[in-house]
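**Student:** Sequence first, then the predicted structure:
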Amino acid sequence: MLAQSEGNYAEALQNYYEATRPEKDPYDRSFILYNIGLIHTSNGEHTKALEYYFRALERNPFLPQAFNNMAVICHYAILEGDSEIAEAWFNQAAEYWKQAIALTPDNYIEARNWLKITKRVEDHEAFRT
């Protein structure tokens, strides 16, 4: 983690890849995979990042930060792509944010507001804090 915090992403990736080999505990492995996803996100490799966030969530479905990061990637994907698919990306972002908020109801205030403003959350689904 030191290499990652110092911005040495290549070294950090190598360390995380090596750490996945012996790690058998799914919970611990999920955080390693999540951190690999973070590095790919930082490097602008969003497809790879999504892959690692999915893999982390397969092992630990209680990682709200993975759902949040996936939502952010989907939310901003329209800036790089076809505006015709923007609505689908926004809907996917909404689903990931709903999952993140369900796991940590007191977090992700901006996402909660975005869901309300864009009417992607129904009144009966309104979040309580």
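**Tutor:** Received, thanks. Numbers count the residues shown, from 1 in each chain.
**Student:** for this structure, which spans come out with low pLDDT?
**Tutor:** Applying pLDDT under 70 to the chain picks out residues 1, 78-84, 123-129.
**Student:** residue nearest the centroid of it?
**Tutor:** Geometric centre of the chain, nearest residue: N69, 2.6 Å, by CA atoms, centre = their mean.
**Student:** May I ask you to confirm that it is in contact with G37?
**Tutor:** Yes. Using CB atoms under 8 Å, N69 is in contact with G37, at 6.7 Å. To be clear about C-beta, it is placed using only N, CA and C from the backbone, and glycine gets the same treatment.
**Student:** So for the host helix or strand of A12, what gets flagged as buried?
**Tutor:** Using DSSP states H and E, A12 sits in helix 9-20. Buried residues in helix 9-20, defined by neighbour count with 16 or more other CB atoms under 10 Å: A12, L13, N15, Y16, A19.
**Student:** Among the residues you listed, which one lies nearest to F54?
**Tutor:** Y16 (16.0 Å; CB to CB).
**Student:** What number of residues are in the vicinity of the residue lying closest to the closest one once chain neighbours are set aside?
**Tutor:** Closest residue to Y16 apart from its sequence neighbours, by CB to CB, 6 or more residues apart in numbering: I36 at 4.9 Å. For I36, the neighbour count with other CB atoms under 10 Å is 25.
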